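Student: My questions concern the predicted model and sequence given below.
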Amino acid sequence: MTWKGIVALWLTLVIIAALALPIVSSPQHWYDLPNIRGLEQRARIMFFHVPMAWVTVIAFLVSMIYGIRYLARKNAIDDVRSVSSAGLGFLFCFLATVTGSVWAKFNWGSFWNWDPRETSIFLLLLIYAAYFVLRTAVENDEKRGTLAAVYSIIAFVTVPFFIFIMPRVVPSLHPGSKGDPEGSGPIMQMRIDPNMAVLFFASLIGFTALFFWMWSVRVRAEKVNLRRLNIPERTGG
């Protein structure tokens, strides 16, 4: 079995476990997951929503790293790696927004409430949407790569703020945030329950591996496209 098959099997087992394992108030079996006050069965969303947000950060970080490499080496492949990672980061950011909205519907009564966490991830989507608009507005390959690389560096500076800082310093209804009415979030619960921690980190690893597999496929496809268009890897100096 290839590593891609392993990733697929891993994620399949994680999804089955996340949806099927019982969440009970008083665990009696080794496979039981504890009930989280205020979330109950809705807590299952964290096995998908949080890893997607995590992959978003990883993808935008990789995009920035290869943006820096492009500025240093002017290698078209570095630009390809940067934009491919940014595209996947945008995809996972969108999926994190969707899963968060689905959870909000069942917990808060509506899909969108302009809660600080919802607002912050929406702003992040806008910032990276502008990144792709910038790329489409510039025709020269080297100039496009340079401007996009600089933008990816500046854009990533906002990622830790919108993902980790802003939701924690502004009162929010989101579990674990400042002003959380339940007083504790699912991450705190995982610190004392090994079953929940194992499943959560298994999901985190699985989604991270999925990202790197998707990224490698996109980069290989773009390399073929560069050769087809006879675009040299090194575009400048």
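Tutor: Yep, that arrived.
Student: Run through this structure and note the low-pLDDT ranges.
Tutor: Within the chain, the stretches with pLDDT under 70 are 1, 167, 172-173, 175-192, 229, 231-237.
Student: where along it do the helices fall?
Tutor: Under the criterion DSSP state H, the chain contains helices at 3-20, 46-73, 76-108, 116-137, 141-160, 166-169, 186-190, 194-228.
Student: The longest one versus helix 3-20: what angle between them?
Tutor: Angle of helix 194-228 versus helix 3-20, following axes from the mean of the first three to the mean of the last three C-alpha atoms, to 10 degrees, is 140 degrees.
Student: The fifth one now?
Tutor: Going by the same axes, to 10 degrees, helix 141-160 is angled at 30 degrees with respect to helix 3-20.
Student: Quick one: list the elements packing against helix 141-160.
Tutor: Packed against helix 141-160 by the contact rule (3 or more C-beta pairs under 8 Å, 6 or more residues apart in numbering; DSSP states H and E) you find helix 46-73, helix 76-108, helix 116-137. C-beta: built from backbone N, CA, C; applies to glycine.
Student: Switch those over to TSV; also include mean neighbour count and distance to H174.
Tutor: As requested, these are exported to TSV (neighbours: other C-beta atoms under 10 Å; distance: least, C-beta to C-beta, whole Å):
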stretch	mean neighbour count	distance to H174
helix 46-73	21	11
helix 76-108	21	8
helix 116-137	16	5
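Student: Now render the ones you listed as CSV, adding distance to R218.
Tutor: CSV is the format used below for these (distance: least, C-beta to C-beta, whole Å):
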stretch, distance to R218
helix 46-73, 11
helix 76-108, 4
helix 116-137, 14
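Student: what's next to stretch 213-231, contact-wise?
Tutor: Contacts to stretch 213-231, defined as C-beta atoms under 8 Å, 6 or more residues apart in numbering, come from residues 3-4, 7, 59, 62, 76-77, 80-81, 84-85, 87-88, 141, 233.
Student: Of the residues you listed, just say which sits nearest to M46.
Tutor: A59 (19.6 Å; C-beta to C-beta).
Student: so which of the helices and strands packed on helix 141-160 gets nearest P27?
Tutor: Per C-beta to C-beta, nearest to P27 of the helices and strands packed on helix 141-160: helix 46-73, 17.0 Å.
Student: buried set for stretch 199-212?
Tutor: Neighbour-count burial for stretch 199-212, counted by 16 or more other C-beta atoms under 10 Å, picks out 199-200, 202-204, 206-212.
Student: Can you pick out the most distant pair from these?
Tutor: Maximum pairwise distance among these (C-beta to C-beta): 20.9 Å, between L199 and F212.
Student: residues in contact with the residue nearest to the spatial centre of the chain?
Tutor: Relative to the mean C-alpha position of the chain, the nearest C-alpha, by C-alpha atoms, centre = their mean, is the one of T56, at 2.3 Å. By C-beta under 8 Å, 6+ apart, the contact set of T56 is 89, 92-93, 96, 124, 159, 163.
Student: which among the residues you listed gets closest to T12?
Tutor: Taking C-beta to C-beta as the measure, T12 sits nearest to F92 out of the contacts of T56, at 18.6 Å.
Student: Having no further points to raise, I will conclude here.
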